[in-house]
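# sequence and computational prediction follow.
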Amino acid sequence: GAVVSQHPSRVICKSGTSVKIECRSLDFQATTMFWYRQFPKQSLMLMATSNEGSKATYEQGVEKDKFLINHASLTLSTLTVTSAHPEDSSFYICSAPLVTGDWSYTFGSGTRLTVV
Amino acid sequence: TQLLEQSPQFLSIQEGENLTVYCNSSSVFSSLQWYRQEPGEGPVLLVTVVTGGEVKKLKRLTFQFGDARKDSSLHITAAQPGDTGLYLCAGDVTGQGGKLIFGQGTELSVKP
């Protein structure tokens, strides 16, 4: 089945540095990718929607200059957390919609970011 | 703002008990999906309900979509410790592969 490969699965970085998270669609083209953030034992919060070849759409309250999204190809979307702070520590997940009769969504395995 | 209210948020039961999780909204959804998520992993799709009044069964799990397509429920019969996890409902508003609206999640713990 369609798979979204997300890397890295875990990353620890120092405050003030930037971290890039990649999501690649395997065996299908993802013109759209959704980026979520999840705190422990809580639900997924949509951060932004990336579209191949155009600017990402950010949800209210999400700083676009801090969370840079690039969707330069039909199989790769990246989220860069710039100037990371401890409060950015979270679980980040990407998801791509695809048509399988009805629309369905495949999720990456997530990235655990810890900022120290 | 479209919201999907999921309840209960936490549930701790004994093995063999039954339980029901609810998702309610004032919005109409093209479809509603239920996911299960293990710690440190992405959500895994359990089922998608599309038609109002639809009922789907997946072994001991029964999913129902409200007639008006605004609400859904997940019922687990004879819960087992292996059912422990975070259950999420998510509504698709547009039916065109647009963003999903997630409920708050239900953290289920089934004790042996």
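Sure, I can see it. Being a predicted model, the structure only gives us computed values, none of them experimental.

# how far is the helix or strand bottoming out on mean pLDDT in chain A from where the chain is centred?
Every helix and strand in chain A was compared by mean pLDDT, DSSP states H and E; the lowest is strand A:102-107, with a mean of 84. Centroid separation for strand A:102-107 versus its chain: 16 Å, with C-alpha atoms, centre = their mean, to the nearest Å.

# same check, this time on stretch B:59-66
Between the centre of stretch B:59-66 and the centre of its host chain there is 9 Å, according to C-alpha atoms, centre = their mean.

# helices or strands up against the least confident helix or strand of chain A?
Under the contact criterion of 3 or more C-beta pairs under 8 Å, 6 or more residues apart in numbering or on different chains; DSSP states H and E, strand A:102-107 touches strand A:3-7, strand A:90-100, strand B:31-37, strand B:44-49. Bear in mind the C-beta positions are built from the backbone N, C-alpha and C, glycine included.

# which one, of those, ends up nearest to B:Q104?
With C-beta to C-beta as the criterion, B:Q104 lies closest to strand B:31-37 of those, at 12.9 Å.

# which residues are in contact with the closest one?
For strand B:31-37, contacts defined as C-beta atoms under 8 Å, 6 or more residues apart in numbering or on different chains pick out A:102-105, B:23, B:43-50, B:63, B:65, B:69, B:72, B:74, B:85-92, B:95, B:100, B:105.

# ok, B:Q80 to B:G16 distance?
Using C-beta to C-beta, to the nearest Å, we find B:Q80 at a distance of 8 Å from B:G16.

# how about the residues of chain A near chain B?
When proximity is defined as C-beta under 8 Å from any C-beta of the partner chain, chain A approaches chain B at A:6, A:9, A:32, A:34, A:41-46, A:49, A:91, A:93, A:95, A:97-99, A:102-105, A:107-110, A:112.

# and residue 35, what's its pLDDT?
Since you didn't name a chain, this refers to chain A. For A:W35, the model assigns a pLDDT of 97.

# not what I meant, chain B
pLDDT, B:Y35: 95.
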